[in-house]
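[1] sequence and predicted structure, then a few things I'm wondering about:
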Amino acid sequence: MKNDAPISPKSLDSLASPSSALARESWKIFQIMAEFVEGFERLALIRPSVSIFGSARIPPGHPYYVAAEEISRLLSDAGFSVVSGGGPGIMEAANKGAFAGKSASVGLNIKLPHEQHSNPYQDISLSFRHFFARKVMFVKYASAYVVLPGGFGTLDELAEILTLVQTGKGRRIPIILVHRPFWSGLVEWFKDTLVVEGTIGERDLELFVLADQPQDVLDAIFRYYEGRGGFGLSAEEREKELEL
């Protein structure tokens, strides 16, 4: 006799093996661990380095692309390794400028169903499955953050570093927003809404600066480190880096 009784969600759950699902989750830990270990081993010696962010959708020849390439070339020739997301757009421009310069061009690639493909301008190329592991690599060894116009991913990285510095979990480094007209609306919202509502403090607005010209970016980074006596880390900063 055919049983036409409906299958409940509870009965569907019983068809899956709990032990199999748990084993898969457990083995995932080793995949995540491998990403961190490779990242730590390959990036620990690239100092000083600057992480650069911006939209993957900006084509070659666009003013933002040209600016990113020039900024990266200046940084590379000044002795900074340049770290980008390894993909197209601003990421490609950043790697291209660094690749043509004197210092290492680093790409932290992410596997995505669309948009992301590795650009060919990388001296060091790493590939990640997990955004959170990749984000740690952007922050952990960076001497500065340079943020060009971008979308949600760029805003995510910006919010990450601002949060880490604001809360004291990350060491203070220059955070530079490039192209004032693009960022002015966001900065005004910070001032007129977040500060007014009390969700951030007025001094939190000092965590970042704005720049319009490639040379301004380089000058802002050197000005910061000259003011603190060089690129060396204090004992407190080394501890923060270790615990990040």
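    Alright, I've got the coordinates.

[2] what's the single longest helix in this protein?
    Longest helix in the chain, counting residues (DSSP state H): helix 18-43.

[3] I'd like the next helix or strand past that one.
    strand 49-53 (DSSP states H and E).

[4] elements contacting that next one?
    helix 63-77, strand 81-84, helix 90-99, strand 142-147, helix 152-167 (3 or more Cβ pairs under 8 Å, 6 or more residues apart in numbering; DSSP states H and E). (C-beta placed from N, C-alpha, C; glycine too.)

[5] go again using 7 Å as the cut-off
    Here strand 49-53 touches helix 63-77, strand 81-84, strand 142-147, going by 3 or more Cβ pairs under 7 Å, 6 or more residues apart in numbering; DSSP states H and E.

[6] lowest-confidence helix or strand of this protein?
    helix 9-15 (a mean of 49; mean pLDDT, DSSP states H and E).

[7] what is the burial count for Ala104?
    Under the neighbour criterion other Cβ atoms under 10 Å, Ala104 is assigned a count of 19.

[8] can you tell me the helix or strand for Leu177?
    strand 175-178.

[9] list the contacts of that strand.
    Strand 175-178 is contacted from outside by 67, 144-148, 161-162, 183, 207-211, 217, 220, using Cβ atoms under 7 Å, 6 or more residues apart in numbering.

[10] the longest helix of the chain: which residues count as buried?
    By neighbour count on 16 or more other Cβ atoms under 10 Å, the buried set for helix 18-43 is 35-36, 39, 43.

[11] do stretch 205-223 as well
    In stretch 205-223, counting by 16+ other Cβ under 10 Å, buried: 207-208, 210-211, 214, 217-218, 220-221.

[12] tell me which two of those sit farthest apart.
    Maximum pairwise distance in those, criterion Cβ to Cβ, is 21.8 Å, between Leu207 and Pro214.

[13] on that earlier part again, kindly reformat the helices and strands packed on strand 49-53 as a markdown table containing mean pLDDT, distance to Leu242 and mean neighbour count.
    Below are these laid out as a markdown table (pLDDT from 0 to 100; distance: least, Cβ to Cβ, whole Å; neighbours: other Cβ atoms under 10 Å):
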| stretch | mean pLDDT | distance to Leu242 | mean neighbour count |
| --- | --- | --- | --- |
| helix 63-77 | 98 | 26 | 22 |
| strand 81-84 | 98 | 19 | 29 |
| strand 142-147 | 97 | 15 | 24 |
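
[14] nearest to Thr193, out of these?
    strand 142-147 (20.0 Å).

[15] ok, Ser103 touching Leu74?
    No - judged on Cβ atoms under 7 Å, Ser103 makes no contact with Leu74 at a distance of 10.9 Å.

[16] just give the closest residue to Ser125, not the sequence neighbours.
    Excluding the flanking residues, the one nearest Ser125 by Cβ to Cβ, 6 or more residues apart in numbering is Gly107, at 4.8 Å.

[17] shouldn't the one you found be in contact with Asp123?
    No - the criterion here is Cβ under 7 Å, and Gly107 misses it with Asp123 at 8.7 Å.
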